[in-house]
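**Q** Sequence first, predicted coordinates after that:
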Amino acid sequence: MNESRHHALDAALRHSEVLYDLDAIQQAIAVMGRELDTALDGERAVFLTVMQGGLIFAGQLALAMRTDVEFDYVHATRYRGQTRGQTLQWLRAPQADLEGRTVLLVDDILDEGRTLAEVRDACMGLGARRVWLVTLCRKLHDRRLAGLEANFNGVDVPDRYVFGFGMDYHEQGRNLPAIHALHTID
């Protein structure tokens, strides 16, 4: 990583606070795993991770579940290193057969919901019986698409820029073992 990018992450960490440490995140994920096991009641769902942000959370969630699932992933983004969303870009569509199946659409955060809504709708278009939105974080604000909520959510975060545990700060800091929030939106 070049020096200026390294300094940008260091500055973000200095101007942020930890909202959830690793222990709190792992506890929330353990609860979600049990809730999903109960809801699936033995059904083998498609566990569809939204890359790249959903990667760390999805791996932890999969380990917290006892129900066997079929793994796949999609790569759709609207951020591309920015702090505000742009037009959705599809980098990889689902490869698993979704026809008549339950899809667990697993992502790091439900913010305004445009990306998740488009991916959910694409899964339904591919024949999914139902798509459950499974998110680590739900950002608390009133800009979410009308009627869009996560079916399963780990923690709530304030309406500030958050990063860590899969979420990036200018393509950095995804592997931080906590969820941080900037003091102000930059």
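**A** Yep, that arrived.
**Q** C-alpha from now on. contacts and neighbour counts both.
**A** OK.
**Q** all strands of this structure, in order?
**A** Taking DSSP state E to define them, one finds strands in the chain at 16-20, 46-51, 70-77, 89-92, 102-110, 130-139, 152-157, 162-163, 179-182.
**Q** CSV for the ones you listed, including mean neighbour count, distance to residue 146 and mean pLDDT?
**A** Listed next are the strands of the chain as CSV, based on neighbours: other C-alpha atoms under 10 Å; distance: least, C-alpha to C-alpha, whole Å; pLDDT from 0 to 100:
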stretch, mean neighbour count, distance to residue 146, mean pLDDT
strand 16-20, 16, 26, 97
strand 46-51, 23, 21, 96
strand 70-77, 18, 20, 91
strand 89-92, 12, 22, 83
strand 102-110, 26, 13, 97
strand 130-139, 22, 14, 98
strand 152-157, 20, 17, 98
strand 162-163, 26, 22, 96
strand 179-182, 22, 25, 96
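**Q** List the residues that contact the nearest residue to residue 163 once chain neighbours are set aside.
**A** Closest residue to residue 163 in three dimensions, ignoring its sequence neighbours and counting by C-alpha to C-alpha, 6 or more residues apart in numbering: residue 180, at 5.3 Å. Applying C-alpha atoms under 8 Å, 6 or more residues apart in numbering to residue 180 gives the contacts 13, 16-20, 162-164.
**Q** so where's the chain uncertain?
**A** For the chain, applying pLDDT under 70 flags the ranges 1-6, 78-86, 88, 184-186.
**Q** Tell me which of the strands of the chain approaches residue 118 most closely.
**A** Among these, strand 70-77 comes nearest to residue 118, with 9.3 Å by C-alpha to C-alpha.
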